[in-house]
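Student: sequence and predicted model, in that order:
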Amino acid sequence: MSAEFERFWNFSVRTYRSDGVPEASLSLQNDYGADVNMLLYCCWVGVVAGRFDGDLFARASQFSTLWANHVVIPLRSSRTWMKHSGCAVEPMQTDACMELRDGIKSVEFEAEKLQQEALQSLLSVSEPRALDRNQILSDMKENLKQYATYASFDVCSDVETKFNVVIDAALAG
């Protein structure tokens, strides 16, 4: 990948830190079962390469689903359980349990970073893309719709509104 492109991880961190993006992303995750890393990947691919070709989308979505189901989601589930009730179970020492929870959170973060690095490695771009904002916007929306179909959720008005929050932040960079 050319040095002119923003790395997927940097793109994700920048986008996710924007106003409203954490809430929109977590709502898509919790309410619709979306993989936040795939949502961000759909946008990043839209910026650096355009619309998914079938092979890239298939490889990315299959890998991401496998990694999320076997690594990220179990870590998140453990961390969330510990936060809400697990560290209050007798005779568990709350401070030690919360320290372990913080460690799990760090491992979960690293697992997501590895997922993003693997996703980035799937895309090969030989030359810079002309940055026509309207085309990028259209490509991101189509990539997100393709992912929604794959993940079996409809792009209803609520989903579209949340997609737009993420898209607007992605385009702001």
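Tutor: Thanks, I have it. Numbers count the residues shown, from 1 in each chain.
Student: where does pLDDT dip in the protein?
Tutor: Within the chain, the stretches with pLDDT under 70 are 1-5, 126-128.
Student: kindly recompute the last result at 50.
Tutor: For the chain, the stretches with pLDDT under 50 are 1-3.
Student: find the centremost residue of it, please.
Tutor: The residue lying closest to the centre of the chain (Cα atoms, centre = their mean) is residue 37, at 1.6 Å.
Student: measure that residue to residue 100 for me?
Tutor: Taking Cβ to Cβ, to the nearest Å as the measure, residue 37 falls 24 Å from residue 100. Where C-beta positions appear, they are placed from N, C-alpha and C, glycine not excepted.
Student: returning to that earlier point: does the residue nearest to the centre of the chain touch residue 61 like I think?
Tutor: No. The pair residue 37 / residue 61 is not scored as a contact, 10.9 Å apart, by Cβ atoms under 8 Å.
Student: the closest residue to residue 33 other than its chain neighbours: how many residues sit nearby?
Tutor: Nearest residue to residue 33 in three dimensions, chain neighbours excluded: residue 151, at 6.1 Å (Cβ to Cβ, 6 or more residues apart in numbering). For residue 151, the neighbour count with other Cβ atoms under 10 Å is 17.
Student: look up phi and psi at residue 151.
Tutor: phi -80, psi 0 (degrees, to the nearest 10).
Student: and it, what does it touch?
Tutor: 32, 33, 34, 35, 38 (Cβ atoms under 8 Å, 6 or more residues apart in numbering).
Student: and if you look at residue 52?
Tutor: Contacts of residue 52 by Cβ under 8 Å, 6+ apart are 42, 45, 60, 142, 143, 146.
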